[in-house]
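# Okay, structure incoming, though there's no sequence with it:
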């Protein structure tokens, strides 16, 4: 086969204009393969998201909240964790509103929540494709969509019930609006981007604002006068701010009774947004009800902050596979622009947007000093996908044209193969042949590409199989991690901190920075494994409390937050109150409120769950109690009050299995 024709087939769908990457002007596909390719990528994304849809673990804390939110207007509006309306979840509620809508349609099933997340994940892949094809053509768009579809961390969040799946979709929709705005300088599209960023803020607070500077940079090349451009950006910024703060302001001015804002020390939505979930996570200041314990959790789950954090053993398998190539592509784009000062408005906008997105998220995630979960890196995945796809397309074009810059292509293939080997070597017992195969295929492809450059036209060497092998080597690692994730049956412990591929982090020990690494961590793990179901003893406790509550509004109050309340909130429709919020550290209710509740007949029974007692006792034996001393003051005060003012109900009166569920106190004597 003629090598010139061979090269032309490889570059079909990627516009070549002599610039760093293709221009948006040639979007008309010559063949039907773009539609078929996009369909294939979307089917792949759907399979990765939906495989074992009805047989997977979810984060029980958020699953319990969605059940509560589906049953009452107040809990829905404020993102309530428990149906009694005592406390909210530790996030702004938009993602859980969407999940609740799914529950309203299909009923309360975990597969209904998982389906919502899967739809968001597939939609994100589709939106990314539509963005990239507008300025880089079908070939680059398909590759970018494929890279996002097989991004391990994105597979993980799309199979869980955390907020990040909706966050990624919303910021991608904002990027689409920005791309449309740049084409003709239209204010409406730019305002739409601001609205979507604001909705992202209502989904996951300051995480959505991380990409705001990149969106603003991306609009600078728009073909409008500078004064008008400044006014448009200002208007979009005001809209983004207004939409972002609409729900927090609503919470602040609400005149009636509302749930306590979870994970705060002062019941303030502003502390939740800008403290506990905001600057506290960036600078490690330990704000919120967890105090300094949050910093311990952060380093335990994602490693210490630093410039190479995203390539450490905890995070490299989630997002690090193509990160070196993506960073190199951004540097290449900078060099290209400094040398040529050229390119269309759409080209310059795209590189400012996606390069800025990549740099900003890398910096924030690398140096965040507070609580940092591995799945946070999902917000970085779209930028890695786009920049990598565009960079590889440019390298291929240079290589095919015999330009000296084309030498970057084999170097990129080799570097990615080495990075994949390093990542896979962290779990040497998992598919041990894969890292060797990737290294051999990647380095072999790179060596051949180097050997025939730049005179490959004279050698008669066909580049299609060589390039295909190199690309396969680049994609094999993240694809294997994503497939492994889709095939895993997550227990609830894994679902509490979703991640892709074989485990490189002890989640129980990470969360258990407060629990130690011995019996406390094992007790926590046992709890997480059983939170999805309710035991016979727990049913006996609830049945006794309901039968003897004398018409109390709250059927049962459970101490220790998620440790004890989740089985009741997930598996029953009883009006259960989760004392202390997420981990029991919140100052709600106070001992004064407990006294008022019991005196007025609003509450009669308080349960100290057995798992909570086991964790507390084991933590003390492990010497871990000191790390939670400040955070546990509210729990200690409530337990002391309960012990002084309430009587223990003998297990024999409740049922034979009730002792396995904990100690029930009758506060209505």
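It's in. What you are looking at is a predicted structure, and each value in this text was computed from that prediction instead of being measured.
# from here on, contacts and neighbour counts on C-alpha atoms
OK.
# Just the element for residue 409, please.
helix 408-424 (DSSP states H and E).
# following that helix, which helix or strand comes up?
Once the chain leaves helix 408-424, the next helix or strand it forms, by DSSP H and E, is helix 432-451.
# For that next one, name the packing helices and strands.
With contacts defined as 3 or more Cα pairs under 8 Å, 6 or more residues apart in numbering; DSSP states H and E, helix 432-451 has these neighbours: helix 408-424, helix 463-487.
# per-residue confidence averaged over the first one?
This means helix 408-424. For helix 408-424, the mean per-residue pLDDT is 94.
# can you state the direction angle for that helix and helix 432-451?
If you take axes from the mean of the first three to the mean of the last three Cα atoms, to 10 degrees, helix 408-424 sits at 170 degrees to helix 432-451.
# how far is helix 408-424 from where the chain is centred?
26 Å (Cα atoms, centre = their mean, to the nearest Å).
# how near is the residue nearest the centre of the chain to residue 125?
For the chain, the residue lying nearest the average C-alpha position, counting by Cα atoms, centre = their mean, turns out to be residue 164 (3.4 Å). To residue 125, residue 164 is 14 Å away according to Cα to Cα, to the nearest Å.
# Would you double-check that residue 532 falls in a helix?
No: residue state for residue 532 (DSSP: H, G, I helix; E, B strand; the rest coil) corresponds to coil; a helix is not indicated.
# Any idea how many residues pack against it?
Using other Cα atoms under 10 Å, residue 532 has 23 other residues around it.
# same question, residue 37
Other residues close to residue 37 by other Cα under 10 Å number 16.
# Buried residues, the helix or strand where residue 191 lies. List them.
Under the criterion of DSSP H and E, residue 191 resides in helix 187-204. Buried residues in helix 187-204, counted by 16 or more other Cα atoms under 10 Å: 187, 189-204.
# what's the answer for stretch 32-48, then?
In stretch 32-48, counting by 16+ other Cα under 10 Å, buried: 34, 37, 38, 41, 42, 44, 45, 46, 47, 48.
# Now do the helices in the stretch 551-669 of the chain.
562-571, 591-600, 610-621, 633-645, 651-654 (DSSP state H, counting those that start in this stretch).
# who touches residue 415 in this structure?
Residue 415 makes contacts with 324, 325, as judged by Cα atoms under 8 Å, 6 or more residues apart in numbering.
# what separates it from residue 324, distance-wise?
8 Å.
# Please produce CSV containing the helices and strands packed on helix 432-451, extended by distance to residue 228.
Below are the helices and strands packed on helix 432-451 laid out as CSV (distance: least, Cα to Cα, whole Å):
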stretch, distance to residue 228
helix 408-424, 40
helix 463-487, 43
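# mind checking which of the ones you listed is nearest residue 503?
With Cα to Cα as the criterion, residue 503 lies closest to helix 463-487 of the helices and strands packed on helix 432-451, at 10.2 Å.
# Quick check: buried residues in that closest one?
Using 16+ other Cα under 10 Å as the test for burial, helix 463-487 gives 463, 466-467, 469-486.
# next SSE after it?
Next along the chain after helix 463-487, taking DSSP H and E as the criterion, comes helix 492-495.
# So which elements touch the helix holding residue 191?
With 3+ Cα pairs under 8 Å, 6+ apart as the test, helix 187-204 has helix 94-106, helix 164-184, helix 206-209, helix 226-253 packed against it.
# Other residues contacting the third one?
In this structure, residues lying in contact with helix 206-209 by Cα under 8 Å, 6+ apart are 167, 171, 197, 198, 200, 201, 273, 274, 277, 278.
# so what does the helix or strand that that helix is followed by touch, helix or strand wise?
The element immediately downstream of helix 206-209 (helix or strand, assigned by DSSP H and E) is helix 212-219. Helices and strands touching helix 212-219, by 3+ Cα pairs under 8 Å, 6+ apart, are helix 164-184, helix 345-367.
# now helix 212-219, how far from the chain's geometric center?
Averaging C-alpha positions (Cα atoms, centre = their mean) puts helix 212-219 22 Å from its chain's average.
# circling back: save the helices of the stretch 551-669 of the chain as CSV, and put in distance to residue 534 too.
Below are the helices of the stretch 551-669 of the chain laid out as CSV (distance: least, Cα to Cα, whole Å):
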stretch, distance to residue 534
helix 562-571, 5
helix 591-600, 26
helix 610-621, 13
helix 633-645, 23
helix 651-654, 16
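# Pick out the shakiest of the ones you listed, pLDDT-wise.
Least confident of these, judged by mean pLDDT, is helix 610-621 with a mean of 65.
# number of nearby residues for residue 660?
Residues near residue 660, counting by other Cα under 10 Å: 15.
# and the angle from the helix holding residue 409 to helix 463-487?
Using the same axes, to 10 degrees, the interaxial angle of helix 408-424 with respect to helix 463-487 works out to 30 degrees.
# Show me which positions of helix 408-424 end up buried.
For helix 408-424, burial by neighbour count (16+ other Cα under 10 Å) applies to 408-424.
# same thing with stretch 396-410?
Across stretch 396-410, burial judged by 16+ other Cα under 10 Å covers 396, 397, 398, 399, 400, 402, 406, 407, 408, 409, 410.
# Ok, stretch 662-669 next?
For stretch 662-669, the neighbour count (16+ other Cα under 10 Å) marks 662, 663, 664, 665, 666, 667, 668 as buried.
# Tabulate those (TSV), appending distance to residue 450 and pLDDT.
What follows is the buried residues of stretch 662-669, written out as TSV (distance: Cα to Cα, whole Å; pLDDT from 0 to 100):
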residue	distance to residue 450	pLDDT
662	68	91
663	71	94
664	73	96
665	76	96
666	79	96
667	79	93
668	82	84
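# And the contacts of the helix holding residue 191?
Residues from elsewhere that reach helix 187-204 (Cα under 8 Å, 6+ apart): 91-95, 163-164, 166-167, 170-171, 173-178, 180-181, 207-209, 212, 232-233, 235-245, 247.
# just stretch 98-109 next, same as before
Under Cα under 8 Å, 6+ apart, the answer for stretch 98-109 is 66, 67, 69, 70, 112, 113, 116, 117.
# and if you look at stretch 534-550?
With contacts defined as Cα under 8 Å, 6+ apart, stretch 534-550 is touched by 555-556, 567-568, 571, 601, 603-605, 654-661, 664.
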